[in-house]
Each structure stands twice: as structure tokens, then as C-alpha cells.
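>>> Just to be clear, the model below is a prediction. Sequence and coordinates:
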Amino acid sequence: MIKKCLFPAAGYGTRFLPATKAMPKEMLPVLTKPLIQYGVEEAVEAGMHTMAIVTGRGKRALEDHFDVSYELEHQIKGSDKEHYLTEIRALIDHCTFSYTRQNEMKGLGHAILTGETLIGNEPFAVILADDLCDGEGNGILSQMTALYERYKCSIVAIEEIDPSHTNRYGIIEGKEIEEGVYKITNMVEKPDPEHAPSNLAIIGRYILTPDIFQILENTPAGKGGEIQITDALMTQAQNKTVLAYKFKGKRFDCGSVEGFVEATNYFFKKSNL
Ligand code: UTP
């Protein structure tokens, strides 16, 4: 049973400047909830209640969001506005939140390695909250933990993308061992379309076994001068099984303005607002 979920949230979020100048992009709201809250809700649905957040700038906004605001609660207690805080209050009561800071932005792999101090020696989930997902039936992480129970290995979520967009993602090559589940044989970070081994792109959901930390420690900077989780997973895949799972549901790249607007429209149509 996986209990902990890591949220790397230290990136600069340059595509959303100036909104992300003083707060992380994970605090951008889709409707009334910040992206990170959707991520935490997905982790809770998958049975996790220990949330580990890797922060950079804007640490305070994240910490305050997952903390009780006594003054605010006191102000609206008994009023018709009280229900606005019900969901977040339930998360705060149900989960523990801990934070560590990535001092240098050396990439996603480095951010995950920074989280080791909060995770320890156990398998864990990773959510990139700027990939906002709406699972079909169960949430994406729930679908992945069910698969983990059967295979007990690292798993990345994948999606078929437009082949001209391979240079935005980690791309996998693998052998399909059951419907929608691939044993990874190769992985390349952001290849040009002509060099991409497939159009199966890794999205922001992972389940990782803890040996990944030692691999990350020994992973040199790769594409873009950053320590890439894709490179570490490729090393792991050379020695043991690493799976890619074609999730059931929808994903929005909320790190881009276009994806963010799409997500906002999608969730607005689904909501009662
Ligand atoms: P992105 O590749 O989207 O980078 O990171 P970014 O810096 O956040 O955004 P842009 O490209 O400048 O607009 C993917 C995820 O990895 C985290 C980010 O917070 C995001 O959730 N990340 C990335 C870190 O935590 N640390 C890093 O050094 C890099």
C-alpha cells in the first residue's frame, strides 16, 4: 500500500509569468481550487494521506493553503459562506503535509531527489499538479496503485500525443504486456519527432520504488542541463521492470496557457457553478 505522495512544485513556471512571479504555478486556480488541491484530492482518493511537497519560491502560499486559517474561519462561521471551506478543511483534517525546499532548480529528477528526506525508504507516488487529470471511473493515481499492487515496480502514466509534439515530453518505447500496460525498453527525454521512438508520452503521474533515489544521485545532468527523471527511470529499467500505463481519463497541461484555459472550460461545464 502506497501511503506517501510527492509534489514537486519548485519550477519557475516561466510560461505563466508574471502570475508566477511570487507564487508557484501550482497555486493557480481552475475555478475556485488551486491546481495542487486537485492533486492532493487525487492522492487521497488513491488512499494516501501523507503529502510531501518540494517547494521553491512562494512556499508560504502553499503552506498557508494547507493550514487552518482561524481568523477566516471565525469570520465566516455560521454564515452562508462557511461551505466554501468545507473541502479544504476536510483535506487538512485527513492529511499531513510536509515541505522541503529545492535550493537550486536542477530539474524534475533533482526535485524528486530533494524529496527523499520526506519519503524515506518506501515506494511513493509523484504528482505534477500542473498536469490536471480527470480519471474515467477512478482517478489516475488510483488506477496506477491498483497496477502497482500487481507488479510492485515503478510505473509512469502515458498518453498518446500528436507525433509533432514529442519534443515536449519524455517518450517511451515498450512491449505491451497487457492492454494499455507496456514494459519499458527505451525512454528519451523530449526527442525531435524524427528521433522519437513512439508517440507515447510520459505525463505527470508516477509510482516510484525507493531505489530511484540512489539512481538519481548518480544520474548526471541530461537534456537542458537538468537532472532528468526519465534518465534515472531508464537506468532502473535496465535492471528491473518499469511499466508505462495508458491511463483512462483526461489530462490538461495547465503549465501552458492553452491547456489551462481548456481545463477551466472543461471543469466549469462539469460544475454547478
Ligand atoms: P516544468 O517542466 O513544467 O517546468 O516542470 P517549470 O519551471 O515548472 O515551468 P516552465 O516550463 O518554466 O513554464 C515540471 C514539474 O516539475 C517541477 C515543476 O514545479 C513542475 O511541477 N520542477 C521542475 C521542480 O520542482 N524543480 C525543477 O527544478 C524543475
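Here it is on my side, so go on.

>>> got the residues of this protein near the ligand?
Residues of the chain found near the ligand (C-beta under 6 Å from any ligand atom) are 8-15, 54, 102, 105-108, 110-111, 128, 130, 255. For the C-beta atoms, the positions are set from N, CA and C on the backbone; glycine is no exception.

>>> go with 5 Å
Residues of the chain lying near the ligand by C-beta under 5 Å from any ligand atom: 8-15, 105, 107-108, 111, 128, 255.

>>> Now the terminal residues of stretch 97-108, how far apart.
Distance between the boundary residues of stretch 97-108 (C-alpha to C-alpha, to the nearest Å) amounts to 20 Å.

>>> Quick one: the helices in the protein, in order.
35-45, 59-65, 70-76, 86-94, 108-114, 116-119, 140-151, 211-217, 229-239, 257-270 (DSSP state H).

>>> by how many degrees do the fourth one and helix 35-45 diverge?
Put plainly, it is helix 86-94. 60 degrees (axes from the mean of the first three to the mean of the last three C-alpha atoms, to 10 degrees).

>>> Quick check: buried residues in helix 86-94?
By neighbour count with 16 or more other C-beta atoms under 10 Å, helix 86-94 contains the buried residues 88, 91-92.

>>> got CSV for these, with pLDDT too?
Conversion of the buried residues of helix 86-94 to CSV gives the following (pLDDT from 0 to 100):
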residue, pLDDT
I88, 93
L91, 95
I92, 95
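
>>> residues contacting the residue of the chain found nearest the ligand?
Closest contact between the chain and the ligand, by C-beta to the nearest ligand atom, is at G11 (2.1 Å). Applying C-beta atoms under 8 Å, 6 or more residues apart in numbering, one finds that G11 lies in contact with 24-25, 56, 105, 108, 111.

>>> neighbours around E149, how many?
10 (other C-beta atoms under 10 Å).

>>> got a list of what G39 touches?
Neighbours of G39 in contact, by C-beta under 8 Å, 6+ apart: 5, 7, 26, 127, 129, 132.

>>> Can you list the low-confidence ranges for the stretch 51-200 of the chain?
Applying pLDDT under 70 to the stretch 51-200 of the chain picks out no residues at all.

>>> So E63 versus S98, what's the distance?
10 Å (C-beta to C-beta, to the nearest Å).

>>> Test my guess that H195 contacts V188.
Yes - here H195 lies in contact with V188, judged by C-beta atoms under 8 Å, at a distance of 7.2 Å.

>>> Compare the two (neighbour count), which wins?
Set H195 next to V188 and count neighbours by other C-beta under 10 Å: V188 wins out with 20 against 10.

>>> which residue packs closest to that one, ignoring adjacent ones?
I171 (5.3 Å; C-beta to C-beta, 6 or more residues apart in numbering).

>>> which residues does that neighbour contact?
187-188, 190-191, 196-202.

>>> between those residues, which is closest to G47?
Closest approach to G47 among the contacts of I171 (C-beta to C-beta): I202, at 23.0 Å.
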